[in-house]
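A.B. asks: Sharing a model that was predicted from the sequence below.
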Amino acid sequence: MSETKIVAARKIITMDADQPEATHVAVRDGRILAVGALEDVSGWGDFPLDDRFADKVLMPGFVEGHCHLMAGGMWRFLYIGFHDRVDPDGKSWPGVATIEAVLERMQQADAELPAGEPLVAWGFDPIFLMERRPDKRDFDRVSATRPIAVMHSNFHLMTVNSAALALANYTADLEVDGIARGEDGAPNGELREVAAMFPVMRRLGIDFRALGRSPECLLAFGQVCKRAGVTTAADLINDLPDEDVADLLRVTAGDDYPVRIATMLNAMTQTAVETGRRALALSERSTDKLILGGVKIVTDGSIQGFTARLRWPGYYNGAPNGIWNVAPEQLNGIVAELLDKGVAMHIHVNGDEAIQVAIDALEAGLRKHAAPDHRTVLQHCQMADRAQFEKMKKLGLCANLFANHLFFFGDQHAALTIGPDRARRLDACRTALDLGVPMTIHSDAPVTPLGPLTTAWAAVNRLTASGRVLGEAERISVEEALRAITLGAAYTLHLDHKVGSIEVGKFADFTVLEADPLAVDPGELRDIPVWGTVLGGRVHPV
Amino acid sequence: MPTPAASLPVTVIAGYLGAGKTTLVNRLLRHPAGRRLVVLVNDFGELAIDAELIEAEAADMLTLANGCVCCSLGGGLTNALVTVLDMESRPDHLVIEASGVARPARIANIARAEPDLALDAVVTLVDAENFPRQLADPRLADSLTDQVAAADLLLVNKADLVSEQDLAVLKARLRAINESSPVTTCVAAAVPVDAVLGGAGIFRDSDRAPAHGHEHEHEDGYRRWAYQSADPFDRDKLKQALADFPDAVLRVKGVVYLSDRAAPVAVHRVGSRVTLADLPAAPTPGRTSRLVAIGHRPGFDPARLTRLVEDALAT
């Protein structure tokens, strides 16, 4: 594209300290040629003026620093969650709040589904269905013959109907952990964790990993991003076999494809040396729209699943400590090797013990290898305390905090998992900023819905689903939150020289909003409609 | 309903880093004792299988000349299990090498839940030299305790690197965590394959026994016992007799006939866990029951084992 044009907007929020606001931006070759008032950008020549955004507000394209490609593919299954969501085609799926509403939606899907296909639903969250906990008998009412599997919102549990139980031969008590039993002693349909779910998933052909792989799923992911105003998204774990890299390269190269994807190689499936070699080789294949070369390391599990690794005094409800996916000494080895090779690392840490182990690994690794500007990101980093943020700052670590958890799981964290005191400092955005730790905030979609404005809202207001404020002292301002979802995230991806602000030379990636996020009530941040996006100068209306 | 005999037996090899899991897996692959094994490992590279033993090599699968197959866990355990269960010719036994911090009970649970799999045993290796230090690390203590607690068989490896006294202290610590499963010591994970892997119905010529039980000690230092009888057993008495076998018995397996059933039953005891699984048809001619056991000195008293099972014959 060699055409040059000037885009006018009601207001342009630039994230550039030298010029925080503007009204016009000139775009050439997909990049930002000039920013400012009309007279500032007109000096490059007389170009057509595009004023379709004259009543809109432009921001730097949102950068989602931690989500998963299957956020698009999930919609192949029926959504029956408590919170409202919008699918890739723009169809609105209001949250369902009663068992009757859940079953009604499933019955409708059952009527439309061809015979022989299982009915698979996702997003289910029985804690919000106040009446009682549904079991196989409820889903038997939807169908006595078609196997039904309902994945819970946390992906650690599913509830199935009798037809699905029969497929897995779960007809009598097998005395297997995770196959819950009803009052009659027989399996009641609720299956907890992989072991209990595996036989059903295998027989129904449910493969969540595949939902992030096919070209159709990648296209759906692009639509999900566009609707949320996201122009750069980080896919936070991918095995990246050659055929998938080829698909990603081909799909993202499409002019119509509305998002840049940074995808992180799974560092858990080969030796550290091999991970480093592959990451560097992949990095060479990066394009403007597909950024390769970063890696993901997973240390612990999740707090709400009681698999995160916590320091003393552990889980509030007395649950045993969580699990390691990698031993601390193995992490030391991986981190040292990848620091040495200059590979960008994203380390999944939820609990404070896992955070400490990651910090220790970085400290030890950095003593061995000089790794200037490594920007290793502690992903989720939910339970970090002040001392840990201090250490992170000293070691050059970044934090990507899971602000959406405050809203979606905050009540559970205060009541059940970590108690009210540690819940108050959960996802401590204020502390991170005060101590100068480079930070961003994320959705982990599809775990929570993709929507940077919602994530910003969560960090600004710290309201839980029940409406209580969780840790007022850790609130951040709207300006800070907007920075987090743009330049902040771009920095954690080593992309802040290309995206994240509206500055000369960067990609012409914008999020087009119907209202000014700096002018609305902070409590209404998440309600601002996204008109669409601009990616490399190309307009993508919702 | 698939019969237990049609299910693929699964042995989970657990233990912290350096305990000898890879060494043990390597041994099993080289000497599978007539079994066609599929082994799921975290990393091929560490296995260091001699090139001449490899028949075919793909990105995530190695096929050995002896028919054994080695699959990478790179794509995740469940994906690897689907691959194995979909194999055209079903292997005899599946061995899963757990990661150093894995909770083997979680893996074993899959084998118990999945109808096409049957849990054989969790075998946990313990590094005789380093385990006490590892157990003192609060970040690891619970994982290591879980690994020991979940074991049906505990192998204390690298026993040559510590004193008799330290070994006794270590065994007492293991006993405190897991009071029922046998503990055996070894060097370089040298444990007979028949102790590590069960799988009823596999009888080699060396196991053919005279009518009244016999025992022999192999050059490997482990002792074997074999027994056969033309008379059927009483189900409950046999279960009790096997439960009464001493700790020195690592495994018992066999195919037996019971007084309450025409078809034979597969018998399996690993650690303290006894299972009787109905078999669909008679794999051995006639109605001859056969039992074999493997164990270590001291405490492996063949005469006592014979006495215990003879008391369990139906009268």
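C.D. replies: Thanks, I have the structure now. Note that this is a predicted model, so its numbers are computed, not measured. Numbers count the residues shown, from 1 in each chain, chains lettered A, B, ... in the order given.

A.B. asks: which ones are touching B:N79?
C.D. replies: Contacts for B:N79 (CB atoms under 8 Å, 6 or more residues apart in numbering or on different chains) come out as A:207, A:209. Just so you know, the C-beta spots here come from the backbone N, C-alpha and C atoms, and that holds for glycine as well.

A.B. asks: ok, residues contacting the lowest-mean-pLDDT helix or strand in chain A?
C.D. replies: Least confident helix or strand of chain A, by mean pLDDT, DSSP states H and E, is strand A:85-86 with a mean of 91. Contacts with strand A:85-86, where a contact means CB under 8 Å, 6+ apart, come from A:79, A:92-93, A:95, A:123, A:227, A:449.

A.B. asks: out of those residues, which are inside helices?
C.D. replies: If you go by DSSP state H, those have A:R227 in helices.

A.B. asks: out of the contacts of strand A:85-86, who's nearest chain B?
C.D. replies: A:G123 (21.2 Å; CB to the nearest CB).

A.B. asks: wait, that closest one sits on A:A71?
C.D. replies: No. Applying CB atoms under 8 Å, one finds A:G123 not in contact with A:A71, separated by 11.8 Å.

A.B. asks: Which of these two has more residues huddled nearby?
C.D. replies: Shown here are A:G123 and A:A71; by other CB atoms under 10 Å in any protein chain shown, A:A71 has more neighbours (28 against 23).

A.B. asks: Can you list the low-confidence ranges for the stretch 101-250 of chain B?
C.D. replies: B:199-219 (pLDDT under 70).

A.B. asks: where does it come near chain A, residue by residue?
C.D. replies: Contact residues (CB under 8 Å from any CB of the partner chain) of the stretch 101-250 of chain B with chain A: B:101, B:103, B:105-107, B:109-110, B:112-115, B:137, B:139-140, B:142-143.

A.B. asks: just the buried members of these?
C.D. replies: With burial judged by 16 or more other CB atoms under 10 Å in any protein chain shown, the buried subset of those is B:101, B:103, B:105-107, B:109-110, B:112-115, B:139-140, B:142-143.

A.B. asks: Take these and keep only those in helices.
C.D. replies: Among these, the members found in helices (DSSP H) are B:105-107, B:109-110, B:112-113, B:142-143.

A.B. asks: Format these as CSV; extra columns: distance to B:V267.
C.D. replies: Listed next are those as CSV, based on distance: CB to CB, whole Å:
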residue, distance to B:V267
B:A105, 24
B:R106, 27
B:I107, 24
B:N109, 23
B:I110, 24
B:R112, 18
B:A113, 23
B:D142, 35
B:S143, 33
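
A.B. asks: from those residues, which is closest to B:L119?
C.D. replies: B:R112 (5.1 Å; CB to CB).

A.B. asks: so that closest one touches A:V176, yeah?
C.D. replies: Yes. Applying CB under 8 Å, one finds B:R112 in contact with A:V176, separated by 4.8 Å.

A.B. asks: Residue 155 is in what secondary structure piece?
C.D. replies: You didn't pick a chain, so chain A it is. Using DSSP states H and E, A:F155 sits within no helix or strand.

A.B. asks: was after chain B, sorry
C.D. replies: Here B:L155 is assigned to strand B:153-157, by DSSP H and E.

A.B. asks: Could you list the buried residues of that strand?
C.D. replies: B:153-157.

A.B. asks: what's the single longest helix in the chain?
C.D. replies: You didn't pick a chain, so chain A it is. Max-length helix for chain A by DSSP H is helix A:352-368.

A.B. asks: wrong one, I was asking about chain B
C.D. replies: Per DSSP H, chain B has its longest helix at helix B:164-177.

A.B. asks: which helices and strands sit right next to it?
C.D. replies: Packing partners of helix B:164-177 (3 or more CB pairs under 8 Å, 6 or more residues apart in numbering or on different chains; DSSP states H and E): helix B:131-135, helix B:141-149, strand B:153-157, strand B:183-185.

A.B. asks: dump the residue contacts of B:I107.
C.D. replies: A:195, B:12, B:14, B:77, B:96, B:98, B:122.

A.B. asks: hmm, 7 Å instead?
C.D. replies: By CB atoms under 7 Å, 6 or more residues apart in numbering or on different chains, the contact set of B:I107 is B:12, B:77, B:96, B:98.

A.B. asks: about what we covered before: for the helix or strand just after the longest helix of chain A, give the mean pLDDT please.
C.D. replies: Moving toward the C-terminus from helix A:352-368, the next helix or strand (DSSP H and E) is strand A:377-380. Strand A:377-380 comes out with an average pLDDT of 98.

A.B. asks: Please export the C-alpha coordinates of strand A:377-380 as CSV.
C.D. replies: Written as CSV, here are the backbone C-alpha positions of strand A:377-380 (Å, rounded to 0.1, in the frame of the first residue of the first chain):
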residue,chain,number,x,y,z
VAL,A,377,7.6,-11.8,31.9
LEU,A,378,6.0,-13.4,34.9
GLN,A,379,2.6,-14.3,33.5
HIS,A,380,-0.4,-14.0,35.8
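
A.B. asks: which other helices and strands contact that strand?
C.D. replies: strand A:345-349, strand A:398-401 (3 or more CB pairs under 7 Å, 6 or more residues apart in numbering or on different chains; DSSP states H and E).

A.B. asks: so what does the shortest one touch, helix or strand wise?
C.D. replies: With contacts defined as 3+ CB pairs under 7 Å, 6+ apart, the secondary structure elements packing on strand A:398-401 are strand A:377-380, helix A:429-434, strand A:439-441, helix A:489-492.

A.B. asks: rerun at 6 Å
C.D. replies: Contact analysis of strand A:398-401 by 3 or more CB pairs under 6 Å, 6 or more residues apart in numbering or on different chains; DSSP states H and E lists strand A:377-380, strand A:439-441 as its packing neighbours.

A.B. asks: and those as TSV, adding mean neighbour count?
C.D. replies: Output for those, formatted as TSV (neighbours: other CB atoms under 10 Å in any protein chain shown):
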stretch	mean neighbour count
strand A:377-380	30
strand A:439-441	32
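
A.B. asks: want to throw those strands into JSON lines with distance to B:L197?
C.D. replies: JSON lines is the format used below for the helices and strands packed on strand A:398-401 (distance: least, CB to CB, whole Å):
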{"stretch": "strand A:377-380", "distance to B:L197": "40"}
{"stretch": "strand A:439-441", "distance to B:L197": "50"}
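
A.B. asks: nearest to A:V57, of those?
C.D. replies: strand A:439-441 (20.3 Å).

A.B. asks: So what's the model's average confidence on the helix or strand following the closest one?
C.D. replies: Per DSSP H and E, strand A:439-441 leads on to helix A:452-461 as the next helix or strand towards the C-terminus. In this model, helix A:452-461 has a mean pLDDT of 98.

A.B. asks: what does helix A:452-461 contact?
C.D. replies: Outside helix A:452-461, the residues within contact range by CB atoms under 6 Å, 6 or more residues apart in numbering or on different chains are A:62, A:403-404, A:406-407, A:429, A:441, A:443, A:476, A:478, A:481, A:485, A:522-523, A:525-526, A:528.

A.B. asks: which of the residues in the helix or strand that comes right after that helix are buried?
C.D. replies: Moving toward the C-terminus from helix A:452-461, the next helix or strand (DSSP H and E) is helix A:478-483. Across helix A:478-483, burial judged by 16+ other CB under 10 Å covers A:478, A:480-483.

A.B. asks: do the same with stretch A:501-519
C.D. replies: Within stretch A:501-519, the residues scored as buried using 16+ other CB under 10 Å are A:501-503, A:506-513, A:517-518.

A.B. asks: From start to finish, how long is that stretch in a straight line?
C.D. replies: 19 Å (CA to CA, to the nearest Å).

A.B. asks: Now find how far off-centre that stretch is within its chain.
C.D. replies: Offset of stretch A:501-519 from its chain centre (CA atoms, centre = their mean, to the nearest Å): 21 Å.

A.B. asks: quick check: mean pLDDT across that stretch?
C.D. replies: 98.

A.B. asks: Touching that stretch from outside, list them.
C.D. replies: A:11, A:14-16, A:27, A:30-32, A:35, A:53, A:56-62, A:229, A:231, A:487, A:498-499, A:525, A:528-529, A:531-537.

A.B. asks: Fine, thanks again, bye for now.
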